[in-house]
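A.B. asks: missing the sequence, but the structure's below:
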């Protein structure tokens, strides 16, 4: 399959919103994290992240939402156009983990989801900004 972080970001965001509206908190939470991860990786490529055909070249870039916030800053701060794409702090995904896809649904609540939704929305807005600026 062809790698497309932008499309993955958008479809995971859309599905997370649908699941949130259906009160499917666990899967919505998971997809908000994946959406943010894919969106930031899309921008990281524009800011110089080296790629293989199907994944980031460097092992340090093969990470998920709970580690990507700070990694994104390394690429953003080293790129001339990056000044316009700063992330808000603190990292909203510090308590998110890709392995939580195996957790029980009762372990997820609306406040947890709201924080991750807000973080994914920050990334969504950066993607919109990058599209308008012609970066993507």
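C.D. replies: Happy to help now that I have it. All values reported here derive from a predicted model rather than from experimental measurement.
A.B. asks: pull the distance from the helix or strand containing residue 74 to the chain's centre.
C.D. replies: Using DSSP states H and E, residue 74 sits in helix 65-77. Going by Cα atoms, centre = their mean, to the nearest Å, the spacing between the C-alpha centre of helix 65-77 and its chain's C-alpha centre is 10 Å.
A.B. asks: could you say what helices and strands it packs with?
C.D. replies: helix 25-46 (3 or more Cβ pairs under 8 Å, 6 or more residues apart in numbering; DSSP states H and E). From N, CA and C alone the C-beta is placed, and that goes for glycine too.
A.B. asks: what angle do the helix it packs on and helix 65-77 make?
C.D. replies: Angle of helix 25-46 versus helix 65-77, following axes from the mean of the first three to the mean of the last three Cα atoms, to 10 degrees, is 20 degrees.
A.B. asks: when you give positions from now on, start the count at 46
C.D. replies: OK, 46 is where the count begins now, so the last one is helix 70-91.
A.B. asks: now for the residue nearest to the spatial centre of the chain: which residues touch it?
C.D. replies: Centre of the chain computed as the mean C-alpha position; nearest residue by Cα atoms, centre = their mean is residue 81, 1.4 Å away. Under the criterion of Cβ atoms under 8 Å, 6 or more residues apart in numbering, the neighbours of residue 81 are 54, 110, 113, 138, 161, 164, 165, 167, 168.
A.B. asks: how close does the second one get to residue 178?
C.D. replies: Here residue 110 is placed at a distance of 24 Å from residue 178 (Cβ to Cβ, to the nearest Å).
A.B. asks: and if you look at the fourth one?
C.D. replies: Going from residue 138 to residue 178 by Cβ to Cβ gives 25 Å.
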